[in-house]
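Student: my questions concern the predicted model and sequence given below.
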Amino acid sequence: MKTIYLHGKAAEFGESFELDARNPAEMVHALCLQLPGFQSMIEAGNWHVIRGPLDKQDADDEDRLLLSLAEREEVH
């Protein structure tokens, strides 16, 4: 299981979620399917994805969203 932490406007849907996902793209897709209004919020906003600790500040570009996550890697 991987943890995704939501911040800002996205945190209105919940602060964190444990998901069985291979990569950040799968995590976002799962949340879009499970949380009414989440996909609309994502489509309307400007978002970035950070792998690992939040203080690392290593934002992924679109190509990296499909790269597999490490066993205990967190996503923000």
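Tutor: Arrived safely. Numbers count the residues shown, from 1 in each chain.

Student: and the strands in the chain?
Tutor: Assigned by DSSP state E, the chain shows strands spanning 2-5, 16-19, 49-50, 59-60, 74-75.

Student: and the ones you listed, which is most packed in?
Tutor: Most buried of the strands of the chain, by mean neighbour count (mean count of other C-beta atoms under 10 Å): strand 74-75, with a mean of 20. Backbone N, C-alpha and C define where each C-beta goes, glycine included.

Student: packing partners for that strand?
Tutor: When contacts are defined as 3 or more C-beta pairs under 8 Å, 6 or more residues apart in numbering; DSSP states H and E, strand 74-75 packs onto strand 2-5.

Student: I'd like the average pLDDT over the strand it packs on.
Tutor: What strand 2-5 shows for mean pLDDT is 91.

Student: and for stretch 48-61?
Tutor: In this model, stretch 48-61 carries a mean pLDDT of 73.

Student: check stretch 18-28 too.
Tutor: pLDDT averaged over stretch 18-28 gives 91.

Student: compute the first-to-last residue distance for it.
Tutor: 12 Å (C-alpha to C-alpha, to the nearest Å).

Student: again with stretch 17-32
Tutor: Stretch 17-32 end-to-end distance (C-alpha to C-alpha) = 13 Å.

Student: same thing with stretch 2-18?
Tutor: End-to-end for stretch 2-18, by C-alpha to C-alpha: 5 Å.

Student: quick check: residue 74 touching residue 55?
Tutor: No. Taking contacts as C-beta atoms under 8 Å, residue 74 lies outside contact range of residue 55: 11.6 Å.
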